[in-house]
Each structure stands twice: as structure tokens, then as C-alpha cells.
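Peer 1: A predicted structure for the sequence below; I have some questions about it.
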Amino acid sequence: MSIEALKVIVGIIFAILGLAILIRLKKLSKSKYYRYLFLVTAILLIGFGIYLATNSL
């Protein structure tokens, strides 16, 4: 397996993890602070996954 294919796969995994956090956002915590923290983390994961996947193509 080439390095580029591995980067695409890891990018897709990061994007899926970010989307999973966004889907379960209300069930993860009842605190407003932690919801914002999870939201920012999910956006960063999605952005990094998209960057990693598109950069390796």
C-alpha cells in the first residue's frame, strides 16, 4: 500500500470520527462548555481529515 493511499484512509477515518462526534453531541455531555469543546474538536477533526485526504491526492 502506498503512502498516499494510507493518507487518504487516515483522512477518511478522521472525518468519520468528527461526524460521529457531531451526531452524538447532545448525548456526550449536558454541560454547555463541554458541548462547545466537542463541537470545536469535531470541526477540527473533519477539517484535518479533509485536508489530509485532499493533500495526498
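Peer 2: Looks like it arrived, so ask away.
Peer 1: what's the neighbour count on the residue lying closest to S56 once chain neighbours are set aside?
Peer 2: Nearest residue to S56 in three dimensions, chain neighbours excluded: K7, at 3.5 Å (CB to CB, 6 or more residues apart in numbering). Glycine gets a C-beta too; all of them are placed from N, C-alpha and C. Using other CB atoms under 10 Å, K7 has 16 neighbouring residues.
Peer 1: what's the answer for L45, then?
Peer 2: L45: 20 neighbours (other CB under 10 Å).
Peer 1: and it, what pLDDT?
Peer 2: pLDDT recorded at L45 is 97.
Peer 1: which ones are touching it?
Peer 2: Residues in contact with L45 (CB atoms under 8 Å, 6 or more residues apart in numbering) are 14-15, 17-18, 21.
Peer 1: that one: which element?
Peer 2: In this assignment (DSSP states H and E), L45 forms part of helix 32-56.
Peer 1: and that helix, what's buried?
Peer 2: 38, 42, 45-46, 48-49, 52-53, 56 (16 or more other CB atoms under 10 Å).
Peer 1: do the same with stretch 16-26
Peer 2: Buried residues in stretch 16-26, defined by neighbour count with 16+ other CB under 10 Å: 17-18, 21.
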